[in-house]
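**Q** the sequence and its predicted three-dimensional model are supplied below.
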Amino acid sequence: MALTPMILSPVIHKKRFNFFFIGVTLGILILFFFLPNPQGLTHQGKMMIGILLAAGILWITEPIPLAATGLFIMILQPLLGVMSAEDVFSSFGNQAVFFLIGAFIIAAAIETQGLHKRMALALLRRFENSPRMLTLGIMLSCASLSFIMPEHGVAALFLPIIISILLAMRIIPKQSNFGKVSIISIAYGCSIGSLGTLIGGARNPLTIEFLSKAGINVSFFEWMLYAMPIVFISLPIVWLILQFVFPLEITDITLAKNEIEKQVSEQGSMKKKEFLVLTILVFTIFLWIFLSSYTYFGLAGIALLGSILLFITGVITWKDVEKKVPWGIILLYGGAITLGIGMQRSGAGAWIAQRLFDIMQGNPYLVVFGIILFTIILTNVMSNTGAVAVLLPIGSAIAAEMPGISPLFASMLIALSGGLAFIFIIATPGNAITYSSGYFSTKDLFKAGTLANIACIFIIYGVAIVYWKGILGL
């Protein structure tokens with residue numbers, strides 16, 4: 001048995017190399033054979049489309065880590081003459097990257113002091129009266145915590161809590177609809193909740209940074225104003241879909257209630273460091289909402305201020321940060337930003353947008369629906385951040401061609417649609433984390449996720465047309 005890793009390791013490395021080689025080769029082949037002399041596309045634009053195709057294939061197949069693909073994107077642009085190395089690397093160090101770092105440090109402090117578990121149990125206690133209400137409570141609680149923590153962190157927190165409840169109830173994995181709904185509710189609640197604020201997912205500050213490059217500044221509060229209606233409408237509808245797809249067979253949840261109360265009692269009273277973290281979190285969110293315009297601190301400045309206060313009060317150490325901050329996401333994010341900037345500056349985004357514009361025959365309602373549909377399809381098969389990074393410059397170019405669709409409108413469509421990946425295990429970390437529990441199958445997720453995604457397509461479309469355009473005048 002000791003020889004097995006030595007035998008398998010070269011095989012695994014060869015498989016990764018093959019996928020990497022295929023991804024890059026396909027990008028080159030499509031570039032030179034399917035786009036030999038594209039009208040209206042510069043040489044830099046053509047190279048950028050090749051990088052886009054290679055990045056998309058690598059993000060889908062994952063022969064190397066997602067973050068490594070982000071770095072690869074940065075290397076290719078100066079190598080192929082799209083942008084200078086100085087321009088590429090300077091675009092990495094932008095405000096949105098430092099906002100993410102600050103937000104991740106705050107989330108690490110919440111997790112280190114156990115405040116996230118206290119919040120989770122306090123939320124769950126409000127829904128322990130019936131099986132249906134408990135599953136709704138799981139979804140709403142995950143969504144609520146995803147307003148102040150990255151969604152994958154919330155999923156990782158809730159999974160052991162809910163599994164302990166299911167074990168206390170003697171729920172058999174994959175055989176109980178109650179078990180399936182409870183666990184899938186974690187993933188879906190986190191995904192929907194991550195739309196609500198800039199903290200929930202890396203694609204949100206990515207969009208803010210992209211818009212700021214175009215001279216459009218969106219505050220923390222304005223993002224919530226645009227996004228929260230989608231969150232509030234989607235949560236109950238997706239929960240109802242889960243109830244329809246998996247009718248609950250459980251009627252008595254006394255054991256679940258006992259387990260929740262037991263975990264609450266084990267938490268004891270709030271400790272001093274928990275209270276300090278909570279105070280700094282509330283203070284930071286207050287500043288984000290009211291003082292995040294660029295004339296004051298800016299989103300990143302406030303996030304870093306909150307982080308420094310955590311170090312000053314001693315509630316977190318740098319060792320905690322090193323362990324809990326997902327540095328790979330930041331590298332992925334940086335690469336995604338340079339991809340978007342390259343697509344925009346080279347004219348590749350505008351060229352693709354024009355082709356899509358021609359296909360949709362200039363119908364604004366069809367264009368809006370097409371943007372939502374294509375984003376949701378793409379985000380189900382690749383990284384959310386990667387999908388949004390690929391589509392933002394295309395959406396911006398569509399906005400430039402289409403009267404009545406602003407860059408802000410198109411970008412918000414893409415950013416919010418990009419967070420709703422319900423169908424495949426690989427689509428989001430939340431899906432993968434909850435699947436690891438063994439309580440549902442890939443077929444279960446596909447069945448529920450397909451209906452949930454169809455519903456959310458029409459929810460976003462309705463909110464965009466009626467609320468954004470009709471009421472807010474986006």
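**A** Great, that's in hand.
**Q** which SS class is M228?
**A** Assigned by DSSP: H, G, I helix; E, B strand; the rest coil, the conformation of M228 is helix.
**Q** residue contacts, it?
**A** Contact analysis of M228 by C-beta atoms under 8 Å, 6 or more residues apart in numbering lists G196. The way it works is simple: take the backbone N, C-alpha and C, and place the C-beta from them, glycine included.
**Q** what's the answer for L198, then?
**A** Contacts of L198 by C-beta under 8 Å, 6+ apart are F99, A103, N204, P205, I208, F220, W223, W288, L299.
**Q** farthest-apart pair in these, please.
**A** Using C-beta to C-beta, the contacts of L198 span at most 13.2 Å, a distance reached by A103 and W223.
**Q** that older thread, which one of the contacts of L198 is nearest L378?
**A** N204 (17.0 Å).
**Q** surely the closest one and F210 touch.
**A** No. Under the criterion of C-beta atoms under 8 Å, N204 makes no contact with F210, lying 10.9 Å away.
**Q** re the thing from before, which one's more surrounded, A103 and W223?
**A** A103 (30 against 24; other C-beta atoms under 10 Å).
**Q** wait, the more buried one touches P150, no?
**A** Yes. Between A103 and P150 there is a contact at 7.3 Å, judged by C-beta under 8 Å.
**Q** any common contacting residues for those two?
**A** What both A103 and P150 touch, as defined by C-beta under 8 Å, 6+ apart, is the set I199.
**Q** distance of M412 from T207?
**A** Per C-beta to C-beta, to the nearest Å, M412 is found 7 Å from T207.
**Q** those two - which one has more neighbours?
**A** Per other C-beta under 10 Å, whichever of M412 and T207 has more neighbours is T207, with 27 against 24.
**Q** host element of the nearest residue to the more buried one once chain neighbours are set aside?
**A** Once flanking residues are discounted, T207 sits nearest to A415: 4.0 Å by C-beta to C-beta, 6 or more residues apart in numbering. Using DSSP states H and E, A415 sits within helix 407-417.
**Q** now that helix: how far from the chain's centre is it?
**A** From the chain centre to the centre of helix 407-417 is a distance of 14 Å (C-alpha atoms, centre = their mean, to the nearest Å).
**Q** quick one: average confidence on that helix?
**A** The average pLDDT for helix 407-417 rounds to 93.
**Q** helices and strands around it, which ones?
**A** The helices and strands touching helix 407-417, judged by 3 or more C-beta pairs under 8 Å, 6 or more residues apart in numbering; DSSP states H and E, are helix 203-213, helix 220-245, helix 364-379, helix 384-401, helix 442-462.
**Q** sec struct for the most centrally placed residue in the chain, please.
**A** In the chain, the residue lying closest to the centroid (C-alpha atoms, centre = their mean) is G201, at 4.0 Å. Here G201 is recorded as coil under three-state DSSP.
**Q** what does stretch 78-85 contact?
**A** 43-44, 47-48, 50-51, 76-77, 88, 338, 341-342, 345-346.
**Q** in that stretch, what's buried?
**A** By 16 or more other C-beta atoms under 10 Å, the buried positions in stretch 78-85 come out as L80, V82, M83.
**Q** turn the residues you listed into JSON lines, columns for pLDDT and secondary structure.
**A** Listed next are those as JSON lines, based on pLDDT from 0 to 100; DSSP: H, G, I helix; E, B strand; the rest coil:
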{"residue": "L80", "pLDDT": "81", "secondary structure": "coil"}
{"residue": "V82", "pLDDT": "83", "secondary structure": "coil"}
{"residue": "M83", "pLDDT": "84", "secondary structure": "coil"}
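**Q** avg pLDDT for the one helix or strand V277 maps to?
**A** V277 is part of helix 272-291 when elements are defined by DSSP H and E. The average pLDDT for helix 272-291 rounds to 87.
**Q** would you mind listing the buried residues in the following helix or strand past that helix?
**A** The helix or strand immediately downstream of helix 272-291 is helix 299-312, counting by DSSP H and E. Going by neighbour count (16+ other C-beta under 10 Å), the buried part of helix 299-312 is L299, A300, G301, I302, A303, L304, L305, G306, S307, L309, L310.
**Q** and what of stretch 142-161?
**A** Quick answer for stretch 142-161 (16+ other C-beta under 10 Å): 142-159, 161.
**Q** mind checking which of these land in helices?
**A** 142-145, 151-159, 161 (DSSP state H).
**Q** which residues does the spatially closest residue to A227 that is not a sequence neighbour contact?
**A** Spatial nearest neighbour of A227, chain neighbours left out: L195 (4.9 Å); criterion: C-beta to C-beta, 6+ apart. Listed by C-beta under 8 Å, 6+ apart, the contact set of L195 reads G201, N204, A227, I230, V231, L416, G419, L420.
**Q** of these, buried ones?
**A** Neighbour-count burial (16+ other C-beta under 10 Å) applied to the contacts of L195 gives G201, N204, A227, I230, V231, L416, G419, L420.
**Q** nearest to A67, out of the helices and strands packed on helix 407-417?
**A** helix 384-401 (10.5 Å).
**Q** what packs against the closest one?
**A** helix 43-61, helix 203-213, helix 327-346, helix 348-359, helix 364-379, helix 407-417.
**Q** dump the C-alpha coordinates for it into CSV.
**A** Extracted in CSV, the C-alpha atoms of helix 384-401 (Å, rounded to 0.1, in the frame of the first residue of the first chain):
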residue,chain,number,x,y,z
ASN,A,384,-18.4,32.2,-10.5
THR,A,385,-15.7,34.8,-10.5
GLY,A,386,-14.3,33.5,-13.7
ALA,A,387,-17.7,33.5,-15.4
VAL,A,388,-18.4,37.1,-14.3
ALA,A,389,-14.9,38.3,-15.3
VAL,A,390,-15.4,36.8,-18.8
LEU,A,391,-18.8,38.4,-19.3
LEU,A,392,-18.5,41.8,-17.7
PRO,A,393,-16.6,43.4,-20.7
ILE,A,394,-19.0,41.8,-23.1
GLY,A,395,-22.0,43.1,-21.2
SER,A,396,-20.4,46.6,-21.1
ALA,A,397,-19.9,46.5,-24.8
ILE,A,398,-23.5,45.4,-25.4
ALA,A,399,-24.6,48.3,-23.3
ALA,A,400,-22.6,50.7,-25.5
GLU,A,401,-24.5,49.3,-28.6
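**Q** could you list the buried residues of that helix?
**A** Quick answer for helix 384-401 (16+ other C-beta under 10 Å): 384-400.
**Q** circling back: helix or strand right after the helix holding A415?
**A** helix 429-435.
**Q** neighbouring contacts of that next one?
**A** Contact with helix 429-435 is made by 151-152, 154-156, 159, 183-184, 186-187, 190-191, 421-422, 424-426, 440, 442, 445, as judged by C-beta under 8 Å, 6+ apart.
**Q** for the closest residue to G201 other than its chain neighbours, what are its contacts?
**A** Nearest non-adjacent residue to G201, counting by C-beta to C-beta, 6+ apart: S194, 4.2 Å away. Residues near S194 by C-beta under 8 Å, 6+ apart: S146, P150, E151, G200, G201, N204, G419.
**Q** can I get these in CSV with distance to L331?
**A** CSV is the format used below for those (distance: C-beta to C-beta, whole Å):
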residue, distance to L331
S146, 22
P150, 15
E151, 19
G200, 20
G201, 16
N204, 18
G419, 20
